[in-house]
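Trainee: Predicted model, plus sequence, below.
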2 protein chains.
Amino acid sequence: MNRARLQQLRALLPGFKADALLVSAIPNIRYLTGFTGSSALLLVTREEAVLFTDGRYKLQAGQEVEHAAVVLAKGPLVRALIGSVKRRRLRRLAFESGKVSFAFHAALRANLPGFRLAPLGGVVEMLRAIKSPEEVAAIRRAVELNSAVFEASLGEIRPGVTEVEAAIQIDHRMRLMGADKPAFDTIVAAGPRAALPHARPTRNRLGKNDLVIIDQGVILGGYSSDMTRTVGLGPLGEPKRRVYRAVLEAQLAAIANVRAGVKASHVDRQARLVLKQHGLDKAFDHSTGHGVGLEVHEPPRLGRNEKTKLEAGMVITIEPGAYLEDLGGVRIEDMVLVTDRGCEVLTPTPKDLRVL
Amino acid sequence: MNRARLQQLRALLPGFKADALLVSAIPNIRYLTGFTGSSALLLVTREEAVLFTDGRYKLQAGQEVEHAAVVLAKGPLVRALIGSVKRRRLRRLAFESGKVSFAFHAALRANLPGFRLAPLGGVVEMLRAIKSPEEVAAIRRAVELNSAVFEASLGEIRPGVTEVEAAIQIDHRMRLMGADKPAFDTIVAAGPRAALPHARPTRNRLGKNDLVIIDQGVILGGYSSDMTRTVGLGPLGEPKRRVYRAVLEAQLAAIANVRAGVKASHVDRQARLVLKQHGLDKAFDHSTGHGVGLEVHEPPRLGRNEKTKLEAGMVITIEPGAYLEDLGGVRIEDMVLVTDRGCEVLTPTPKDLRVL
């Protein structure tokens, strides 16, 4: 698997006029080699791949890394890398321009005089965006575990419980049920707090009549999941139900438009059009979705101006919302797998409004 | 408080030949403005400070930020920043060279023709290394909570429990007892796994006669704590007890040498000298400690070649260890506050060998 990925990357090198690509983003290194440590650099040349890490990871690198040589650096990884680049006479080195610091590049520049250093953006991320069947299976497991945790946690979503208490229980259950860990800080946001799309749980108590946004994801086997549901604490008046229906309609419209070949911005627009019909377009101020895989946020992004075309094998979220200071907020988020003819919704959790 | 910090930073600008410093590391922005959001840039000129964030953080920025103007950018933050720099006619802009990507710098470069962009390393980190009395108080609370969680969790450290199960219970208790969250992935490593200084908890079960390393920290009020204790599961033979005594002796020797004015490498060396007397110097392959504050790992570093001089008000860990494939591992870690005459050990948890 890693061998095929490395070959895919190598096939791109001539187009970049590069003898080698220096990979520095940790999820990219994991993708290409299987290495799960948190400190590493990877050099991919036309013939070989060399992973640089330190002695702490000796055993782990030996167990995990296939199809790449492992160098255990004594000092800074960049020093070991520079030596390796010189010995191999790699004159044209491409690097991940969004993932290395200015200072890191400056160190390369100073120590590799006469070498061509070519900035490259998001090449491995582009490969990662299309999931293999094995990756889809891993993502499916993460999605299903996340939904099971959600169902098992609904009993704690009741008036009087604080947002923090509810979030803590969800996070604990994730791990008890087998997750590596939460994919991000779980959001439980009730009442007026639900009107903040980026709310963090507070000591505020869930109240009757509240809309409660629950946004949670697990990491399982390295792959992330991400789901949002909005539940009501009864009795829930018609204005809140109306907003819920509008967001659900927008979410379904966006999903109905997902298909290989369609622009990301097109899917985003479908959600906005529906919300506009309900007078809620100004209440939706984030993008409609994002890719999910080894990272919980990865390309593609589904926003207003995203010209990226969806491709079969991409796994993305569809998550429109509406946030209103007086009523609170609603967001509904599924993960879907893009196919040639449309998409498969991976998230099994029902989306009819639940009033607890 | 933030006002004084901004003034401290401004006083350094002339020395850097800069009209302004662009701060991009999130903990640095928090330190200087109080803003706890996860997306921001901060421009500090000789007269003013301007925080750039996006609309999601409107309310939060309004509540948290003092002594800085807040700009809610519609598009990319860097675009808003560039406009602001141009309007203010700041010709010489210093930036954090280790914290901005190559691509970010390239965007500044392309959009600010004729401007001087000066790379700077770790300036705000240098200010952050010396803690104010309020910060020491906050760190003390985080340390004490962490120790209370440790004591309350010892009941779960027993033969038959897996490392993962023990770590999950510790993490859950942290949050039940009031922590914001764990400061890092809690380590529980038993038997042969304890011989890996960077072990992650596995499904392996704790066994009789095992040494068990527990490395845990909480974040409370934004400040981190970090503590390691090694406990024994009885009965524990003399060879393991001997290693424990040697590591404790090394840790106490290092602590006894902490004092304002002393080089970080000197403290590191004291731990190594003691371990060498016990024939264990090769079994200790990481550095002796690091600063702790808004980040769990921050300057100074206490390693072999660190020439940094300790200063009163620094808060650092002292954490020598010994890792042996046959016996397992021992690490003992406290947090200490550097003072003019020595140091105060902040961690209240006893260090005599506990056999459970």
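Mentor: Here it is on my side, so go on.
Trainee: Near chain B, which residues of chain A are found?
Mentor: For chain A, the contact set with chain B under C-beta under 8 Å from any C-beta of the partner chain comprises A:37, A:55-57, A:59-60, A:95, A:97-106, A:119, A:121, A:164, A:168, A:171-172, A:175-176, A:181, A:185, A:196-198, A:285-286. Backbone N, C-alpha and C define where each C-beta goes, glycine included.
Trainee: What remains of those if I keep only buried residues?
Mentor: Buried members of those, scored by 16 or more other C-beta atoms under 10 Å in any protein chain shown, are A:37, A:56-57, A:60, A:95, A:97-106, A:164, A:168, A:171-172, A:175, A:196-198, A:286.
Trainee: Contacts only, for residue A:242.
Mentor: residue A:278 (C-beta atoms under 8 Å, 6 or more residues apart in numbering or on different chains).
Trainee: Tell me the secondary structure at it.
Mentor: helix (DSSP: H, G, I helix; E, B strand; the rest coil).
Trainee: show me where pLDDT drops low in chain A?
Mentor: Under the criterion pLDDT under 70, no range of chain A is flagged.
Trainee: Report the residue ranges of every domain in it.
Mentor: A:2-128, A:130-345 (automatic domain parsing).
Trainee: for those, which one ends up most surrounded?
Mentor: Greatest average neighbour count among these goes to domain A:130-345 (a mean of 20), per mean count of other C-beta atoms under 10 Å in any protein chain shown.
Trainee: mind checking the end-to-end distance for that domain?
Mentor: End-to-end span of domain A:130-345 (C-alpha to C-alpha, to the nearest Å): 16 Å.
Trainee: tell me how far it is from the chain's mean position?
Mentor: The chain centre lies 12 Å from the centre of domain A:130-345; the measure is C-alpha atoms, centre = their mean, to the nearest Å.
Trainee: can you map out the helices along chain A?
Mentor: Ranges of helices in chain A, per DSSP state H, are A:2-12, A:26-33, A:58-64, A:77-87, A:102-111, A:123-129, A:133-153, A:163-176, A:238-256, A:264-277.
Trainee: Quick one: those as a markdown table, columns for distance to residue B:338 too.
Mentor: Shown next, in a markdown table, are those (distance: least, C-beta to C-beta, whole Å):
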| stretch | distance to residue B:338 |
| --- | --- |
| helix A:2-12 | 46 |
| helix A:26-33 | 33 |
| helix A:58-64 | 33 |
| helix A:77-87 | 30 |
| helix A:102-111 | 27 |
| helix A:123-129 | 43 |
| helix A:133-153 | 44 |
| helix A:163-176 | 34 |
| helix A:238-256 | 54 |
| helix A:264-277 | 52 |
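Trainee: just so I know, which of those helices lies nearest residue B:191?
Mentor: Closest to residue B:191 of those is helix A:58-64 (C-beta to C-beta; 14.3 Å).
Trainee: which other residues reach that closest one?
Mentor: Taking C-beta under 8 Å, 6+ apart as the rule, helix A:58-64 contacts A:33, A:34, A:35, A:36, A:37, A:51, A:53, A:70, A:72, B:196, B:198.
Trainee: got the contact list for the third one?
Mentor: It refers to residue A:35. By C-beta under 8 Å, 6+ apart, the neighbours of residue A:35 are A:29, A:51, A:53, A:57, A:60, A:61, A:64, A:65.
Trainee: Double-check residue A:220 against residue A:145; I have them as touching.
Mentor: Yes. The criterion here is C-beta atoms under 8 Å, and residue A:220 meets it with residue A:145 at 5.4 Å.
Trainee: anything in contact with each of these two?
Mentor: Common contacts of residue A:220 and residue A:145, defined by C-beta under 8 Å, 6+ apart, comprise A:178, A:179.
Trainee: In contact with the residue located most distally from the centre of chain A, which residues?
Mentor: Distance to the chain centre peaks in chain A at residue A:114, reaching 37.9 Å (criterion: C-alpha atoms, centre = their mean). When contacts are counted by C-beta under 8 Å, 6+ apart, residue A:114 touches residue A:91.
Trainee: Looking at the helices of chain A, which is nearest to residue A:321?
Mentor: Of the helices of chain A, nearest to residue A:321 by C-beta to C-beta is helix A:238-256, at 6.1 Å.
Trainee: Extract the C-alpha trace of the closest one and format it as PDB.
Mentor: These are the backbone C-alpha positions of helix A:238-256, laid out as PDB (Å, rounded to 0.1, in the frame of the first residue of the first chain):
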ATOM      1  CA  GLU A 238     -42.300  26.300  15.900                       C
ATOM      2  CA  PRO A 239     -39.600  28.900  15.100                       C
ATOM      3  CA  LYS A 240     -36.900  26.600  16.200                       C
ATOM      4  CA  ARG A 241     -38.400  23.600  14.400                       C
ATOM      5  CA  ARG A 242     -38.700  25.800  11.300                       C
ATOM      6  CA  VAL A 243     -34.900  26.600  11.400                       C
ATOM      7  CA  TYR A 244     -34.200  22.900  11.900                       C
ATOM      8  CA  ARG A 245     -36.200  21.900   8.800                       C
ATOM      9  CA  ALA A 246     -34.600  24.600   6.700                       C
ATOM     10  CA  VAL A 247     -31.000  23.500   7.600                       C
ATOM     11  CA  LEU A 248     -32.000  19.800   7.000                       C
ATOM     12  CA  GLU A 249     -33.400  20.800   3.600                       C
ATOM     13  CA  ALA A 250     -30.200  22.600   2.800                       C
ATOM     14  CA  GLN A 251     -28.100  19.700   3.900                       C
ATOM     15  CA  LEU A 252     -30.100  17.200   1.800                       C
ATOM     16  CA  ALA A 253     -29.900  19.600  -1.200                       C
ATOM     17  CA  ALA A 254     -26.100  19.800  -0.900                       C
ATOM     18  CA  ILE A 255     -25.800  16.000  -0.600                       C
ATOM     19  CA  ALA A 256     -28.100  15.500  -3.600                       C
END
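Trainee: how big is the angle separating it from helix A:264-277?
Mentor: 160 degrees (axes from the mean of the first three to the mean of the last three C-alpha atoms, to 10 degrees).
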